[in-house]
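J.: Provided below for reference: sequence and predicted model.
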Amino acid sequence: MHNKILDGKILAEKLNSELKELIKKAIEETGKHPKLATILVGNDPASQVYVNIKHKTCQAVGIDSIIVELEKDISKEELLYEIDKLNKDSTIHGILLQIPLPEKLKVATAEFQEKISPLKDADGLNPVNRGKLFDYNEELAPCTPKGIIALLENYNIGLKGKDTVIINRSNLVGKPLIFLLLKRNATVSICHTSTKDIDRYIKNADILIVAVSKPKFITKKRIKEGVVIIDVGTNRIDGRLCGDVDFEDVFEKCSSITPSPGGVGPLTVHFLLQNTFTAYKKQLNLTKM
Ligand SMILES: NC(=O)c1ccc[n+]([C@@H]2O[C@H](COP(=O)([O-])OP(=O)(O)OC[C@H]3O[C@@H](n4cnc5c(N)ncnc54)[C@H](OP(=O)(O)O)[C@@H]3O)[C@@H](O)[C@H]2O)c1
């Protein structure tokens, strides 16, 4: 694939249909269906939308999916108990805790992620799987960074030696992405709110990955001619979704760019399904598939 627009929707459709075939074969062989449990605490509208998309996409590829809906004022102990119940349920192969959690529980997010069995960790955020990533084992790595790599690789954008700049240092995006990029021999810089002279990094980037949650954060005058731009940001303005990059402004100057929406998002969902299938195979000892 080589296009100026790195279309995540088209790529995710292709990868989802390949995955569907593999899942079908695995079910024929084992008689067991892979199953994902998504825990949704409270009624944040954006989270409800994301959870429904994941639920529907699971069903489309042959993964059983349940949504465990919990009240927003559930206690920490109750949530830990619910996670433990799913850990012990042998029909569940993947567990996803939808974040952000309600304000009262947010501070304990890492504790909940740690409670999810590393074998069922569909989001790749348990410390065991984070640690494996340190050794370049990306079997159960977080889904958005995997999606970014899939976009770059499937559109034949080489990473070796490239000056790759990530503007984000979160556990979900920037930090795991460092290892996936280093493994592929990119030269990686991480920028954040304390970065001194961030424009120097942006201007130097061969590949620029942006996830700051600020519409039009990246404009033509900030980038180098020919840069590849991955826009991870998801913002809502007047009911319309947009990314962090002024798409129309930068389009002529960059060599490739993801739309947002329609770029990284569909691949994030794909890798949630892929991770669930990986977790299922590990639990059923299906090493050859
Ligand atoms: N499409 C998808 O599948 C997908 C998946 C995940 C996330 N997202 C989107 O990606 C964005 C980031 O998500 P997140 O969970 O990683 O959010 P987050 O934890 O709030 O991280 C935002 C990052 O951006 C940095 N940042 C913010 N303003 C900046 C500025 N002016 N200059 C430099 N750095 C700045 C922050 O720096 P500090 O660390 O210094 O605060 C932080 O590292 C959101 O819009 C989210 O919706 C999309």
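T.: The structure has been received and is ready for your questions.
J.: Kindly report the domain assignment for the protein.
T.: Listed domain ranges for the chain are 31-118, 143-266 (source: automatic domain parsing).
J.: I'd like those as a markdown table, with distance to the ligand, mean pLDDT and mean neighbour count appended.
T.: All C-beta atoms are positioned from the backbone trio N, CA, C, and that covers glycine. Output for these, formatted as a markdown table (distance: least, Cβ to the nearest ligand atom, whole Å; pLDDT from 0 to 100; neighbours: other Cβ atoms under 10 Å):
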| stretch | distance to the ligand | mean pLDDT | mean neighbour count |
| --- | --- | --- | --- |
| domain 31-118 | 8 | 97 | 17 |
| domain 143-266 | 3 | 98 | 19 |
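J.: Now the phi/psi pair for the nearest residue to residue 224 once chain neighbours are set aside, please.
T.: Among residues not flanking residue 224 along the chain, residue 203 sits closest, at 5.6 Å (Cβ to Cβ, 6 or more residues apart in numbering). Torsion angles at residue 203 (phi, psi; degrees, to the nearest 10) stand at phi -70, psi -30.
J.: gap between residue 203 and residue 174?
T.: Distance of residue 203 to residue 174, computed by Cβ to Cβ, to the nearest Å: 19 Å.
J.: Repeat that for residue 113.
T.: 17 Å.
J.: for residue 233, same thing?
T.: According to Cβ to Cβ, residue 233 stands 12 Å off from residue 174.
J.: shared neighbours, the two?
T.: Common contact partners of residue 233 and residue 174 (Cβ atoms under 8 Å, 6 or more residues apart in numbering): residue 211.
J.: Residue 69 reaches residue 42, doesn't it?
T.: No: counting by Cβ atoms under 8 Å, residue 69 does not reach residue 42; the two are 9.0 Å apart.
J.: Which stretches in the stretch 51-200 of the chain count as strands?
T.: Along the stretch 51-200 of the chain, counting by DSSP state E, counting those that start in this stretch, strands occupy 64-70, 94-97, 163-167, 187-191.
J.: Output those strands as CSV; include the columns distance to residue 47.
T.: Formatted as CSV, these follow (distance: least, Cβ to Cβ, whole Å):
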stretch, distance to residue 47
strand 64-70, 11
strand 94-97, 11
strand 163-167, 24
strand 187-191, 27
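J.: now for the ones you listed, which one comes closest to residue 16?
T.: Residue 16 lies closest, by Cβ to Cβ, to one member of the strands of the stretch 51-200 of the chain: strand 64-70, at 13.9 Å.
J.: can you give me the offset of that closest one from its chain's centre?
T.: For strand 64-70, the gap between its own C-alpha mean and the chain's C-alpha mean amounts to 19 Å (Cα atoms, centre = their mean, to the nearest Å).
J.: residues in contact with it?
T.: Contact partners of strand 64-70, identified using Cβ under 8 Å, 6+ apart, comprise 33-42, 51, 54-55, 58-59, 78-79, 82, 86, 92.
J.: In contact with residue 27: list those residues for me.
T.: Counting by Cβ under 8 Å, 6+ apart, residue 27 touches 33-34, 62.
J.: I should have written residue 44 there, sorry.
T.: 100, 102.
J.: still on that earlier bit, was I right about the residue nearest to residue 224 contacting residue 222?
T.: Yes: using Cβ under 8 Å, residue 203 is in contact with residue 222, at 6.7 Å.
J.: distance of residue 105 from residue 172?
T.: 17 Å.
J.: Quick check: chain neighbours aside, which residue is closest to residue 60?
T.: Spatially, and ignoring its direct neighbours in sequence, residue 60 is nearest to residue 16 (6.9 Å; Cβ to Cβ, 6+ apart).
J.: The host helix or strand of that neighbour and the ligand, any residue contact?
T.: In the assignment (DSSP states H and E), residue 16 maps to helix 8-30. No: Helix 8-30 lies apart from the ligand when judged by Cβ under 6 Å from any ligand atom; the minimum separation is 8.5 Å.
J.: Give the buried residues for that helix.
T.: 8, 11-12, 15-16, 19, 23, 26 (16 or more other Cβ atoms under 10 Å).
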